[in-house]
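Student: sequence and predicted structure, then a few things I'm wondering about:
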Amino acid sequence: MPGGRLTQQDRRDIAAGLAEGLGYAEIARRLGRPTSTVSREVSRNGGLGTYRADRAHQATERRARRRKQTPRSAPLATNTAYGRDPEEIREFAEHLVEILVHTGLQRMASRVLACLYTTDTGALTAKDLAQRLQVSPASISTAIAYLEDQELIRRDRDPRWRRELYSVDNNVWYRSFLASAQRNFLLAETARNGARILGATTPAGARCEFVGEFLRRTGEDMLQTAERWRHLLIPQARDNP
């Protein structure tokens, strides 16, 4: 049924549509489903080139069994705001976690970040995060420290309750992007120093020289890009100096 869980036949229809070369929107129209449901189903089960209906169905059943074995806190009221489906939001959050892990982020840090981004306020306390993710406060603390080091979250203090809030906004991604550029410059300087020590005319020295120059130039490009699009964040920057 539209809006319900995908059946095994639904997945076979998706696989058949992909084999015909149909796009996600056309497959979704045939199934009477949102396009996002089809795209998420394919991306979390191998992608366009390797999606297999039976294998995807088995993987979904395994995930469902794991969820039953692991108790979770009830979805907060904000998840049902605007007529949204809490189950669909939860599935999206799980998919976001997998994508973040794939990019190199630690799993618990990815879960914290996904939790913040799927919350309308964009801000939660450590206690809120621990309850939502059903993990220990120590796990949250470690993840928060990692995300702060990557400039991916911001720490604020709620003056009403005298408690710390961890939040995400557009400025966070801007600062994280700048931090990545600075890491490029640091690596570039280290590589150039290695080229000097190893000798620029030696194979190892030449390799370090190339890496150093590449990282320096890409770091400069990142700074220029950040400055070019900074105006998009100026309104929010005034609210959150």
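Tutor: Yes, it's here. Residues are numbered from 1 along each chain as shown.
Student: use CA for all of it now, contacts and neighbours both
Tutor: Fine.
Student: let me know the outermost residue of this structure.
Tutor: Farthest-out residue of the chain from its mean C-alpha position, per CA atoms, centre = their mean: T201, at 42.1 Å.
Student: measure it to T190 for me?
Tutor: 17 Å (CA to CA, to the nearest Å).
Student: which residues of this protein fall in strands?
Tutor: 123-124, 154-158, 163-167 (DSSP state E).
Student: a markdown table for those, including distance to A226?
Tutor: As requested, those are exported to a markdown table (distance: least, CA to CA, whole Å):
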| stretch | distance to A226 |
| --- | --- |
| strand 123-124 | 24 |
| strand 154-158 | 19 |
| strand 163-167 | 21 |
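Student: mean pLDDT lowest where, among those?
Tutor: Sorting these by mean pLDDT places strand 154-158 lowest, at a mean of 81.
Student: which residues sit against that one?
Tutor: 148, 163-168, 172 (CA atoms under 8 Å, 6 or more residues apart in numbering).
Student: quick check, nearest of those to T7?
Tutor: Proximity of the contacts of strand 154-158 to T7 (CA to CA) peaks at V168, which lies at 35.7 Å.
Student: and the residue nearest to that closest one when sequence neighbours are not counted, what does it touch?
Tutor: Spatial nearest neighbour of V168, excluding adjacent residues (CA to CA, 6 or more residues apart in numbering): I153 at 5.2 Å. Counting by CA under 8 Å, 6+ apart, I153 makes contact with 113, 144, 147, 166-169, 172.
Student: among those, which lie within helices?
Tutor: Secondary structure assignment (DSSP state H) places 113, 144, 147, 172 from these within helices.
Student: so what's the residue count around the second one?
Tutor: This points to I144. Counted with other CA atoms under 10 Å, residues neighbouring I144 total 22.
Student: also the first one?
Tutor: By the other CA under 10 Å criterion, the neighbourhood of L113 contains 26 residues.
Student: can you map out the helices along this structure?
Tutor: 8-19, 24-31, 35-43, 53-69, 86-102, 107-117, 126-133, 137-149, 170-198, 203-228, 234-239.
Student: which of these sits most buried?
Tutor: Counting by mean count of other CA atoms under 10 Å, helix 107-117 has the highest mean neighbour count of those, with a mean of 21.
Student: residues in contact with the residue most central in space within the chain?
Tutor: Geometric centre of the chain, nearest residue: L100, 3.7 Å, by CA atoms, centre = their mean. Applying CA under 8 Å, 6+ apart, we find L100 in contact with 107, 110.
Student: what's the answer for S110, then?
Tutor: S110 neighbours (CA under 8 Å, 6+ apart): 97-98, 100-101.
Student: adding pLDDT and distance to G205, write those residues out as TSV.
Tutor: Putting the contacts of S110 into TSV (pLDDT from 0 to 100; distance: CA to CA, whole Å) gives the following:
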residue	pLDDT	distance to G205
V97	89	39
E98	88	38
L100	87	35
V101	87	34
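Student: nearest to G219, of the residues you listed?
Tutor: When the contacts of S110 are compared for distance to G219 (CA to CA), L100 wins out at 22.2 Å.
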